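*Asks:* Here's a sequence, model it:
(one chain, ligands or ions: 1)
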Amino acid sequence: MSDRIYYVTTPIYYPSDKLHIGHAYTTVAADCIARYKRMRGYDVFFLTGSDEHGQKIERTALDSGTDPQSYVDGIVESFRELWKKLLITNDDFIRTTEPRHKKAVQALFQKLYDKGDIYKSFYEGMYCTPCEAFWLERQLIDGNCPDCGRPVEHVKEESYFFKMSKYQNRLLQYIEENPDFIQPVSRRHEMVNFIKGGLEDLCVSRTTFQWGVPVPFAPGHVVYVWFDALVNYLSALGWQDGDPRFEHYWPHTVHMMAKDIVRFHSVIWPIVLMAADIPLPRTIFGHGWLLLEGGKMSKSKGNVVDPLVLIDRYGVDTVRYYLLRELPYGDDSYYSEDDLINRINTDLANDLGNLISRTLGMVQKYQDNVVAEAGTPQGPDNDLINCAMQVKDELEQHMERLDFSNALAAIWKLVRRSNRYVDETAPWNLKRDPNKKERLQTVLYNLSEAVRILTIWCSPFMPVFPERVFEQFGIAGRRDLQTWDSTGEWGLLPSDLRIETGPGVFPRIEVERDKEKTVEGKKPPKEKPQKPQITIDDFTKVDLRVALVKDAEKIKGTDRLLKLELDLGSETRTVVAGIAQQYTPDSLVGKRVVIVANLAPVKLRGVTSRGMILAAGEGDRLGVLTVEREIPPGTRIE
Ligand code: MSP
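*Replies:* Residues are numbered from 1 along each chain as shown. From the prediction side, this is the model:
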């Protein structure tokens, strides 16, 4: 079995409505890993599509006065447009109403029937139409669907059943022997508990509506929509036609989805495959949800965010970056436009964008647009180079686990290290001393090389800006200098490159101006009157110190508070600051801030804060006071 083949799938989404930013997350994540694997030399097949049958779609279409096929045709078009705008590089788009898919569903259903694993009986129980899921009375919560909380319907009809119970132990054993099958590990535990609770045989046909794939041997029955939908992963590869692509890509398969549908993929799907003697996919990966105030986004709650609006407003790279950075591995996260703007302004404009434009600007100004040859490494050079090599390893490990947020956090370690390198080497001083010409060349070479490497690493996440950076550095035509492997070796950037400066790649979002357009009732900042006069003695009572931020994290359960670990020279202090809406924890690490060191301690959300960091402004316009030079931590400000 070759290990350089990779088949990645998203769920096929219901075309009952337009897609929102939550759906966009899964598809962007799948696209990111597909792009990454291609860069690593894998033969990738990336699939997405639409799940068009079932009672929900039939009802929605009829309610809107259209027939189901015309209804879904319109919405599926909007899916394709969204994926195009998000620069999704799927190799195929499967629709469950296509003949190739129907053929596969019928063939698989027939196969399991012939084998004796599907039998006719009578179903009486509960059904959740929005989730298209069967439930037993005892599984309901307050009489509602345990997954979505909405009311269920009583269903009573002749049905075909699939012998799930027969495979319960085999599935448990498989999960035990293949610990990477269900990821992350928390999802595996949930599923193991669920299966141990006992599997009932599954109702796999319906007779009370028509919108589905007909059961080949039983007129009046349509195949249960989840059975139908899951088969898309086979039908798109041509399993039903003996297509060699099936042999080639299956089972090097990773199914990506959110946690809501992990149960269907890690219980029903593997058992269907086992019964059909088809090997199981390698991984079922269930990420968390992107939530909005009021819980999970859903059209019926009226709390959805349209990704197209965000792309038009902020650009595709930034929306992709925000999604991939913000959702922590396996966990949920809240969406907010303020966080999105904050990410753009801090991570992209301040950190990465600034590094790129500073580097280009200095090459232009100090070396007449030429990146010259580097001399022998000295000072912080080796530290910068080692940081790049370590980050590469870390980044690759995170990508293997599909941990996109930490992968980006790793990349940003080199972004921050490089920015610090600028401060440490102070090229503006080197420029003043004619004896330091070679040193200046070395520093600017190293910065340019760091930018090249960072740009390559970022490209699976943000596919637009790299081309511009490569152009500005004069290596647009040099594909060999844009490969993943080329980031494993420092110093591949040729010397005597002519750069071309252009507009910054990540402009800041001017919050006030934009907010005026989008948020109603925003007031201008209030003028604050001057406080009463004090003497110098009053002032010297305040012990202000330089503190170096060693670590920062969000305090759980709050939107505003960050817990900072500060180096004060002779001690480390914990300080709580209400700046989480303006600063991500990572963006503060390494900054030299100013603190009131002799303030009486206070306890905030269970954390004792020993001091206060100084900041100016409020709301979107808040900025922490920092010290310009490398003043040692603990130095008193007088
Ligand atoms: N049609 C089924 C899937 C069949 S796959 C064989 C379905 N469709 S869906 O349109 O409801 O999409 C559910 C999926 O959309 C989730 O599993 C997840 O991938 C994505 N998301 C929908 N809302 C989301 C969030 N709020 N947050 C994160 N992902 C979200 O279920």
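
*Asks:* Quick check: bridge partners of the nearest residue to Pro585 once chain neighbours are set aside?
*Replies:* Closest residue to Pro585 apart from its sequence neighbours, by CB to CB, 6 or more residues apart in numbering: Ala552 at 3.8 Å. C-beta: built from backbone N, CA, C; applies to glycine. Assessed by DSSP bridges, Ala552 has beta-bridge partners Leu564.

*Asks:* so Ala552 makes contact with Leu564?
*Replies:* Yes - contact criterion CB atoms under 8 Å: Ala552 and Leu564 qualify, at 5.0 Å.

*Asks:* shared neighbours, those two?
*Replies:* Counting by CB atoms under 8 Å, 6 or more residues apart in numbering, the shared contacts of Ala552 and Leu564 are Leu588.

*Asks:* Pick out whichever of these two has more residues nearby.
*Replies:* For Ala552 and Leu564, the more surrounded residue by other CB atoms under 10 Å is Leu564, and the numbers stand at 26 against 22.

*Asks:* contacting residues for that one?
*Replies:* Leu564 makes contacts with 549, 551-552, 574-577, 588, 613, as judged by CB under 8 Å, 6+ apart.

*Asks:* If we ignore the residues flanking it in sequence, what's nearest Gly330?
*Replies:* Nearest residue to Gly330 in three dimensions, chain neighbours excluded: Pro184, at 3.9 Å (CB to CB, 6+ apart).

*Asks:* quick one: contacts for that neighbour?
*Replies:* By CB under 8 Å, 6+ apart, the contact set of Pro184 is 285-286, 329-330, 401.

*Asks:* Quick check: which of the residues you listed has the minimum pLDDT.
*Replies:* Ranked by pLDDT, the contacts of Pro184 bottom out at Gly330, which has 90.

*Asks:* Does that one touch Arg188 like I think?
*Replies:* No - counting by CB under 8 Å, Gly330 stays clear of Arg188, with 10.8 Å between them.

*Asks:* ok, the closest residue to the ligand within the chain - contacts?
*Replies:* In the chain, the residue that lies nearest the ligand is Gly22 (2.3 Å; CB to the nearest ligand atom). Shown in contact with Gly22 (CB under 8 Å, 6+ apart): 258, 289-290, 296-297, 304.

*Asks:* Kindly recompute the last result at 6 Å.
*Replies:* Residues in contact with Gly22 (CB atoms under 6 Å, 6 or more residues apart in numbering) are 290, 297.

*Asks:* Past the host helix or strand of it, which element shows up next along the chain?
*Replies:* Using DSSP states H and E, Gly22 maps to helix 21-39. As assigned by DSSP H and E, the chain's next helix or strand after helix 21-39 is strand 43-50.

*Asks:* Please report the distance of the closest residue to Gly288 other than its chain neighbours from Leu230.
*Replies:* Sequence neighbours aside, Asp332 is the residue nearest to Gly288 in space, at 4.1 Å (criterion: CB to CB, 6+ apart). Distance from Asp332 to Leu230, counting by CB to CB, to the nearest Å: 25 Å.

*Asks:* next one: Tyr421
*Replies:* To Leu230, Tyr421 is 51 Å away according to CB to CB.

*Asks:* Ile284 should be in a strand, yeah?
*Replies:* Yes - under DSSP: H, G, I helix; E, B strand; the rest coil, Ile284 sits within a strand.

*Asks:* Hmm, Val254 and it touching each other?
*Replies:* No - using CB atoms under 6 Å, Ile284 is not in contact with Val254; the gap is 8.2 Å.

*Asks:* between the two, who's got more neighbours?
*Replies:* More crowded of Ile284 and Val254, by other CB under 10 Å: Ile284, with 28 against 19.

*Asks:* who's the more buried one bridged to?
*Replies:* Residues in beta-bridge contact with Ile284 (DSSP bridges): Ile182, His255.

*Asks:* OK, contacts around it?
*Replies:* Ile284 makes contact with 182, 255, 265-266 under the criterion CB under 6 Å, 6+ apart.

*Asks:* and the residues you listed, which two are the farthest apart?
*Replies:* Ile182 and His255 (10.2 Å; CB to CB).

*Asks:* Would you confirm that Gly125 belongs to a strand?
*Replies:* Yes - using three-state DSSP, the assignment for Gly125 is a strand.

*Asks:* Distance of it relative to Lys156?
*Replies:* 8 Å.

*Asks:* between those two, who's got more neighbours?
*Replies:* The neighbour count for Gly125 versus Lys156, taken as other CB under 10 Å, is higher for Gly125 (16 against 10).

*Asks:* what residue ranges in the stretch 251-400 of the chain are flagged as low confidence?
*Replies:* Applying pLDDT under 70 to the stretch 251-400 of the chain flags residues 294, 298-302.

*Asks:* Assumed Ala61 was part of a strand.
*Replies:* No - the assignment for Ala61, made by three-state DSSP, is helix rather than a strand.

*Asks:* sorry, back to before: filter the contacts of Leu564 to the buried ones?
*Replies:* The neighbour-count test (16 or more other CB atoms under 10 Å) marks 549, 552, 575-577, 588, 613 as buried among the contacts of Leu564.

*Asks:* and which of those is nearest to Thr60?
*Replies:* Ala552 (45.9 Å).

*Asks:* Hmm, the closest one is touching Lys563, no?
*Replies:* No - taking CB under 6 Å as the definition, Ala552 is not a contact partner of Lys563, at 7.0 Å.

*Asks:* Quick check: pLDDT value at the residue nearest to Pro585.
*Replies:* pLDDT for Ala552: 92.

*Asks:* and if you look at Ala407?
*Replies:* 98.

*Asks:* Now the phi/psi pair for the nearest residue to Asn232 once chain neighbours are set aside, please.
*Replies:* Spatial nearest neighbour of Asn232, excluding adjacent residues (CB to CB, 6+ apart): Ile94 at 4.8 Å. Note on Ile94: its backbone torsions stand at phi -100, psi 130 [degrees, to the nearest 10].

*Asks:* for Ile94, what are its contacts?
*Replies:* With CB under 6 Å, 6+ apart, Ile94 has these contacts: 49, 232, 236.

*Asks:* how far away is the closest residue to the first one other than its chain neighbours from Trp484?
*Replies:* This means Gly49. Take Gly49 and drop its neighbours on the chain: the residue closest to it by CB to CB, 6+ apart is Ile94, 3.6 Å away. Separation of Ile94 from Trp484 (CB to CB): 29 Å.

*Asks:* where in the stretch 451-600 of the chain is pLDDT low?
*Replies:* In the predicted model of the stretch 451-600 of the chain, residues 512-529, 532 satisfy pLDDT under 70.

*Asks:* Next, the buried residues of stretch 35-45.
*Replies:* 35-40, 42, 44-45.

*Asks:* do the same with stretch 338-348
*Replies:* 339-348.

*Asks:* Out of the residues you listed, which sit inside helices?
*Replies:* Applying DSSP state H to those, the entries found in helices are 339-343.

*Asks:* what's the closest of these to Val72?
*Replies:* Among those, Leu340 lies closest to Val72 (CB to CB), at 30.8 Å.

*Asks:* Now the residue nearest to the closest one when sequence neighbours are not counted: which helix or strand?
*Replies:* Spatial nearest neighbour of Leu340, excluding adjacent residues (CB to CB, 6+ apart): Tyr322 at 4.8 Å. Tyr322 belongs to helix 316-326 when assigned by DSSP H and E.

*Asks:* is that helix up against the ligand anywhere?
*Replies:* No - against the ligand, helix 316-326 shows no contacts by CB under 6 Å from any ligand atom, the least distance being 9.2 Å.

*Asks:* any chance you could map the helices in the stretch 201-350 of the chain?
*Replies:* For the stretch 201-350 of the chain, the helices defined by DSSP state H, counting those that start in this stretch occupy 225-230, 232-235, 244-249, 262-263, 269-275, 307-314, 316-326, 337-343.

*Asks:* residues in contact with the fourth one?
*Replies:* Helix 262-263 is contacted from outside by 187, 286, using CB under 6 Å, 6+ apart.
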